[in-house]
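Novice: Structure, please.
(one chain, ligands or ions: 1)
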Amino acid sequence: MTSATMLLMLFYLAVPAFANITVAAPQTAFQGQSFYLSLFADKPVKEANATFQERKAPFFPVGDKYKAILGTMPECKPGEYTIAVKIIKEDGSVDWQSQKIKILAKDYGKVSFYVKPAKKKAILSRPTLVQDEWAPIEKTLVVKRPERFWEGKFIKPVPGITTMDFGVREYINDKKRGYHRGHDFRAAMGTPVMAPNDGEIVYASQTQAFGGTVVIDHGQGIHTLYFHLSEFLKPVGTMLKKGDFFARTGNSGISSGPHLHWGMSVQNVRVDPMQWTREQM
Ligand SMILES: [Zn+2]
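Specialist: So this is what the prediction gives:
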């Protein structure tokens, strides 16, 4: 037997060992949107994660398969990307698989708005205010537990009309400030805010930049965020059911009028929350 034949035989023998695990991914996803990978295995796997743009997303058991939900940023460069999937089997052996996905451009537009001098002064007096106040909020955007609390589609947290979509390029007082990483609803002062799905309140605090802020942990690294609130109705640690009121809207922090800023975080990537009201993840 030649060495080439032997190599060929080894290759074919190796195939069945990989055939019991398959990973499925969508072919395309838009900038700023969420998507998921499905992993099917004939034997339980110990651990699996997907790496997309240097960020890891763990797989969790959902029904008869495993799912990893990933998010893309609105500034993610359109083009083809490789997602690496690492699978640790029950016996400790490791499988690697890869999936290709094409990120498509989405035009979210741009907007200019102005904040009042008093608020601007307070913000400008501390140039690192936003980063400083964001740090403790970001600490909550982690996988706290492997349980999935949410079920089905998310509901809108307030009934108001949209005042600004996710992904819009923001100019505040004529200065470029980045992308709008949430969805804004018009809401009169004191409008009660509903939990869009089941989850635990993991953060509730007043900040100068984001105003009254709440973070809900929906499990498996999925979180929703609420800014500019005027009142907290439930303390940190409260388990909420879809539709429960937990806060009231306001105009606190860097805000040009009463509204609710609703954010969504997928493994610490801010994505479009409205997609989750249309699609089941
Ligand atoms: Zn906003």
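Novice: for the residue in the chain that the ion sits nearest to, helix, strand, or coil?
Specialist: Residue nearest to the ion within the chain (CB to the ion): His261, separated by 3.3 Å. (Glycine included, C-beta is placed from N, CA and C.) At His261 the chain is in strand, as set by DSSP: H, G, I helix; E, B strand; the rest coil.
Novice: Count the residues that sit near the nearest residue to it once chain neighbours are set aside.
Specialist: Leaving aside its sequence neighbours, His261 sits nearest to Phe227 (CB to CB, 6 or more residues apart in numbering; 3.9 Å). Counted with other CB atoms under 10 Å, residues neighbouring Phe227 total 25.
Novice: Can you read off the pLDDT for Phe227?
Specialist: Looking at Phe227, its pLDDT stands at 98.
Novice: quick one, what contacts it?
Specialist: 182, 210-213, 253, 255, 260-261, 263 (CB atoms under 8 Å, 6 or more residues apart in numbering).
Novice: any idea which element Asp107 lies in?
Specialist: Using DSSP states H and E, Asp107 falls within no helix or strand.
Novice: Give the other helices and strands that the helix or strand in which Thr249 is found contacts.
Specialist: Taking DSSP H and E as the definition, Thr249 sits inside strand 245-249. On a contact count with 3 or more CB pairs under 8 Å, 6 or more residues apart in numbering; DSSP states H and E, strand 245-249 meets strand 192-194, strand 211-217, strand 222-232.
Novice: Could you figure out how far that strand is turned away from strand 222-232?
Specialist: Relative orientation of strand 245-249 and strand 222-232, computed by axes from the mean of the first three to the mean of the last three CA atoms, to 10 degrees: 60 degrees.
Novice: neighbours around the closest residue in space to Gln97 that isn't next to it in sequence, how many?
Specialist: What sits nearest to Gln97 in space, not counting adjacent residues and going by CB to CB, 6+ apart, is Val85, at 4.5 Å. Neighbour count of Val85, defined by other CB under 10 Å: 22.
Novice: helix or strand right after the helix or strand containing Val85?
Specialist: Element membership for Val85, per DSSP H and E: strand 79-89. Later in the chain than strand 79-89, the nearest helix or strand by DSSP H and E is strand 94-104.
Novice: what sits up against the helix or strand that contains Gln131?
Specialist: In this structure, Gln131 is located in helix 129-138 according to DSSP H and E. With CB under 8 Å, 6+ apart as the test, helix 129-138 has contacts from 123, 126, 203, 205, 207-210, 213, 215, 225, 268.
Novice: Quick one: residues contacting the residue nearest to Ile155 when sequence neighbours are not counted.
Specialist: Once flanking residues are discounted, Ile155 sits nearest to Pro196: 5.1 Å by CB to CB, 6+ apart. The contact partners of Pro196, by CB under 8 Å, 6+ apart, come to 154-157, 224, 242, 262, 273, 276-277.
Novice: Show the buried residues in these.
Specialist: 154, 156-157, 224, 242, 262, 273, 276-277 (16 or more other CB atoms under 10 Å).
Novice: Take those and keep only those in strands.
Specialist: When these are checked against strands (DSSP state E), the matches are 224, 262.
Novice: What I need now is the buried ones among the contacts of Pro196 written out in TSV, including pLDDT and distance to Val143 for each item.
Specialist: Formatted as TSV, the buried ones among the contacts of Pro196 follow (pLDDT from 0 to 100; distance: CB to CB, whole Å):
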residue	pLDDT	distance to Val143
Phe154	98	19
Lys156	98	25
Pro157	98	23
Thr224	98	15
Lys242	98	21
Trp262	98	21
Pro273	98	19
Trp276	98	18
Thr277	98	23
